[in-house]
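Asker: after the sequence you'll find the predicted model.
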Number of protein chains: 2
Amino acid sequence: MIAEILVENATVITANPDFDILETGFVAVCDGVITALERGTARDAGVDARVRLDAAGGIVMPGLVNAHTHLPMVLFRGLADDMPLATWLSEFIFPAEQRHLTAQSVRAATRLACAEMLLSGTTTCCDGYFFEDQVAAALSDCGMRAVAGQGIIDLPAPGVSDPARNVAHGAAFLDRWQSPGLNVRPSLFCHAPYTCASQTIQAAKATADRRGALLQIHVAETRGEAEQIREAGQMSPVAYLNSLGVLDQRSLLIHCVWVDDADVEIIAGSGAAVVHCPQSNMKLASGVSPLPNFLSAGIPTGLGTDGCASNNNLDLFAEMDTAAKLHKVYRADPTAAGAAAVFKMATIGGARALGMDHLTGSLEPGKSADLVVIDTQQPHLVPVYDPVSLVVYAAGGGDVRDVMVAGKLRVRNGRLTSLKLDEVLGEIAPYTEKIRKDLLSS
Amino acid sequence: MIAEILVENATVITANPDFDILETGFVAVCDGVITALERGTARDAGVDARVRLDAAGGIVMPGLVNAHTHLPMVLFRGLADDMPLATWLSEFIFPAEQRHLTAQSVRAATRLACAEMLLSGTTTCCDGYFFEDQVAAALSDCGMRAVAGQGIIDLPAPGVSDPARNVAHGAAFLDRWQSPGLNVRPSLFCHAPYTCASQTIQAAKATADRRGALLQIHVAETRGEAEQIREAGQMSPVAYLNSLGVLDQRSLLIHCVWVDDADVEIIAGSGAAVVHCPQSNMKLASGVSPLPNFLSAGIPTGLGTDGCASNNNLDLFAEMDTAAKLHKVYRADPTAAGAAAVFKMATIGGARALGMDHLTGSLEPGKSADLVVIDTQQPHLVPVYDPVSLVVYAAGGGDVRDVMVAGKLRVRNGRLTSLKLDEVLGEIAPYTEKIRKDLLSS
């Protein structure tokens, strides 16, 4: 057999259903798809290839899936930290969004975010924001696999000045991006139960459903939200969404911090998926989600960085490390959220949550060649007793050597291959300079 | 003025008493010491130099201070994770230490740890372990600034088979390394109040005191320890140490998780310093220390990674990020443990805790040139609205471009200058292979 690309001399973490780890193995790729993945050498298996990528004894693993982010918010990275949520939102983030988001700035910011994701091993992401056509176009240009969700909120929003048009605006977005050949799938992103009326959420869900699209929604993020929803209708935020009939296998519930056992049952019964964003929940002091309960209930659960204004990067390696450690200390149980469980969340779990597990999230023959090579010839990655532990607890986004999305090498030896870093940094500079001037004059 | 080395075109985070940040500045170095540090260009200030280091608009900051670690435990990185503390210690770590620690393996492991620390921007560390002569020699060879603490425990220990000789062994270590010219200072490290008798702790303190050395001790790390000490003497672990008369400005109290307001008062009144190790405390599910109380009480407080068996790396950037986020969510207060407070812990705070703040921990004329250059021309480090936020919340150890210790460039363009990476990795391999074989046969 002659493959197009052969990644060899690797410890392969497959994230397949048996969570197989091949101590010495290879991955063969043709037409963007994994055609073989085996223990031993390609030579012994009779596989040759036009392009050979020597992993040099490093780790090959599925590309990471960032199941919740707001990519253009890289514009606001470090703009405002260490302050109460209300001040942060009303005095910094909302005004900055109103003043500085344009189709152009969103496009440039998304390209910057794509560069960051690719360099740190993320091959798939799920975004929710405004000017989402620009986000989707940039994701597509940059070669990412993605779900792009047009934001819906019952307030005047960037690019959607009339809230009465928000769902119609979203529907048009879905129609424009409804092409099964694209690696970028459209979706709708309702901001939250406290910023979208029940009718808005239901209309958005119906609109998404008609096109087979995912509905994303922030839910039960803060104690204040949970109290507000409970006061209004004697229900938890999750029970409230359930009462609206909007929870099913194409619903992505983001955060789910303030949920109780009954909520977990509702989610599990509905088939909806959850995205856990531990660093954002910590930084904004939102609380700690009952992640182990989601996992034991079999709820499809992904890992997300959230936007860069509340993290402040898109590094899923750091997010895995934090997730694994946070639940241990929170539950006083060192066995909680083990390395393998967290690794799965950041790969196959996220893919499953996004309805993409037939395509990505694990290394298996027939799936897309979305993979990452980690260079382990570095002091902090030696020794390798357990490659999964190494990835979760010792590695960082900076350790990614090569990245492939759909069989295309997007990062080689730590450098972007199709994006020009200088250009990406140059494109964003005028917008961030303007924001900086605003900051100084305020 | 002609400097030896000039680091220019930088945003300089000084960590000086006013926490000055120079938006465009330079640092001039002669004979290992900072001779000038100013806003503007060196040319305008009339400073020339033999060697010019262009920071290319990046960040120059003090070298980081890892105030608590067990360097040779890099041997056990990823050996055992996600298990209860007792199982982890008794079934994995203690047996591995008994079987695999030798003068040779400790030396090789410390060199690996030094490579990791230097590459991730740590210029000073405080170690506590066994075979500490080897640790101290390796730290010195590698050009680190350090406190090296010979371990003392009332059990047979690596290199100290007879516990009755543990303090005498430590005294001899102090004498061998008592040379004021060395960048490595000797210290004693009593393991913990529950593994060292009161007489041992008092004898160690007296021995250290006679030589002006620091006494390090793990204290109040776990709930179990706190309960055990309280049952034995109706006192908290901190109150117990205080009752032994061993708390003063040359006492370094590591962890301090299970401490109450009275304990904080005792520590503040004694002049003792604290080291906070959030990632280790999370991973082992030990608990969350009342860090904000230490800071508000004015207790000298440093940041530590702890050993690589409970972290699993020596990256202080990740540790800063975790510290800042953990206390926010734990206290439900997004203003807790702000970026600047955490940055100070990892620099001047740690230096003060180690009694080295006259030498290192901040960039000020007259202090040692221990500094780090961060390359900010990377997608995840753009934009830079607040350089301290960027360092704490967005950067990682992999973003370090250059590292200087005592005016000597130890890392240049992300590569070690005086250590050979291949050699360091080659030296450790026989020991880690032996440990791996043990693992497989058990």
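Answerer: That came through, no problem. Residues are numbered from 1 along each chain as shown, chains lettered A, B, ... in the order given.
Asker: show me which residues of the stretch 201-350 of chain A sit near chain B.
Answerer: Counting by C-beta under 8 Å from any C-beta of the partner chain, the stretch 201-350 of chain A comes close to chain B at A:223, A:279, A:281-288, A:308, A:311-315, A:318, A:321-322, A:324-326, A:328-329, A:331-336, A:338-339. C-beta: built from backbone N, CA, C; applies to glycine.
Asker: and those, which are buried?
Answerer: A:279, A:281-288, A:308, A:311-315, A:318, A:321-322, A:324-326, A:328-329, A:331, A:334, A:336, A:338-339 (16 or more other C-beta atoms under 10 Å in any protein chain shown).
Asker: is A:Met61 in a helix, a strand, or coil?
Answerer: strand (DSSP: H, G, I helix; E, B strand; the rest coil).
Asker: coming back round to it: from the buried ones among the residues of the stretch 201-350 of chain A next to chain B, which land in helices?
Answerer: Among those, the members falling in helices (DSSP state H) are A:279, A:281-283, A:318, A:321-322, A:324-326, A:328-329, A:331, A:339.
Asker: how close does A:Arg331 sit to B:Ala226?
Answerer: Note on A:Arg331: its distance to B:Ala226, by C-beta to C-beta, to the nearest Å, is 19 Å.
Asker: apologies, that question was intended for A:Thr122.
Answerer: 41 Å.
Asker: ok, A:Gly212 next?
Answerer: Distance from A:Gly212 to B:Ala226, by C-beta to C-beta: 56 Å.
Asker: tell me which of these two has more neighbours.
Answerer: Higher neighbour count among A:Gly212 and B:Ala226: B:Ala226, with 25 against 12, using other C-beta atoms under 10 Å in any protein chain shown.
Asker: leaving out sequence neighbours, find the closest residue to the more buried one.
Answerer: B:Trp258 (3.8 Å; C-beta to C-beta, 6 or more residues apart in numbering or on different chains).
Asker: how far is the strand ranked longest in chain A from where the chain is centred?
Answerer: The longest strand of chain A (DSSP state E) is strand A:2-13. Centre-to-centre, strand A:2-13 and its host chain are 25 Å apart (C-alpha atoms, centre = their mean, to the nearest Å).
Asker: ok now the helix or strand following that strand, how far from the chain's centre?
Answerer: Once the chain leaves strand A:2-13, the next helix or strand it forms, by DSSP states H and E, is strand A:21-30. Relative to its chain's centre, strand A:21-30 lies at 25 Å (C-alpha atoms, centre = their mean).
Asker: strand A:21-30 to strand A:2-13, inter-axis angle?
Answerer: 160 degrees (axes from the mean of the first three to the mean of the last three C-alpha atoms, to 10 degrees).
Asker: using CSV, write down the CA coordinates of the following helix or strand past strand A:21-30.
Answerer: Sequence-wise, the next helix or strand downstream of strand A:21-30 (DSSP H and E) is strand A:33-39. Taking only C-alpha atoms (Å, rounded to 0.1, in the frame of the first residue of the first chain), the coordinates of strand A:33-39 have been written out as CSV:
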residue,chain,number,x,y,z
VAL,A,33,-8.5,10.2,5.8
ILE,A,34,-6.7,7.8,8.1
THR,A,35,-6.2,4.6,6.0
ALA,A,36,-4.1,2.6,8.5
LEU,A,37,-3.0,2.9,12.0
GLU,A,38,-1.0,0.1,13.5
ARG,A,39,1.6,-1.1,16.0
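Asker: pull out the buried positions in strand A:33-39.
Answerer: Buried, per 16+ other C-beta under 10 Å, within strand A:33-39: A:33-38.
Asker: and the helix or strand hosting A:Ala262, what does it pack against?
Answerer: According to DSSP H and E, A:Ala262 maps onto helix A:261-270. Counting contacts by 3 or more C-beta pairs under 8 Å, 6 or more residues apart in numbering or on different chains; DSSP states H and E, helix A:261-270 packs against helix A:237-243, helix A:291-296.
Asker: just the mean pLDDT for that helix, thanks.
Answerer: Across helix A:261-270, pLDDT averages out at 98.
Asker: which residues are in contact with the following helix or strand past that helix?
Answerer: Sequence order places strand A:273-276 as the next helix or strand after helix A:261-270, per DSSP H and E. Residues from elsewhere that reach strand A:273-276 (C-beta atoms under 8 Å, 6 or more residues apart in numbering or on different chains): A:67-68, A:126, A:249, A:251-256, A:267, A:289, A:291, A:294, A:299-304, A:323, A:345, A:350, A:352-354.
Asker: looking at chain A, which helix or strand does the model trust least?
Answerer: helix A:85-87 (a mean of 83; mean pLDDT, DSSP states H and E).
Asker: before we move on, the earlier item: can you state the direction angle for the longest strand of chain A and strand A:33-39?
Answerer: 50 degrees.
Asker: picking that back up, just the CA trace of the helix holding A:Ala262, in PDB.
Answerer: The C-alpha trace of helix A:261-270 is given here as PDB (Å, rounded to 0.1, in the frame of the first residue of the first chain):
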ATOM      1  CA  ASP A 261     -28.700  16.100  40.300                       C
ATOM      2  CA  ALA A 262     -32.200  16.600  38.800                       C
ATOM      3  CA  ASP A 263     -30.600  18.800  36.200                       C
ATOM      4  CA  VAL A 264     -28.000  16.200  35.300                       C
ATOM      5  CA  GLU A 265     -30.800  13.700  34.900                       C
ATOM      6  CA  ILE A 266     -32.700  16.100  32.600                       C
ATOM      7  CA  ILE A 267     -29.600  16.600  30.500                       C
ATOM      8  CA  ALA A 268     -28.800  12.900  30.300                       C
ATOM      9  CA  GLY A 269     -32.300  12.000  29.400                       C
ATOM     10  CA  SER A 270     -32.500  14.700  26.700                       C
END
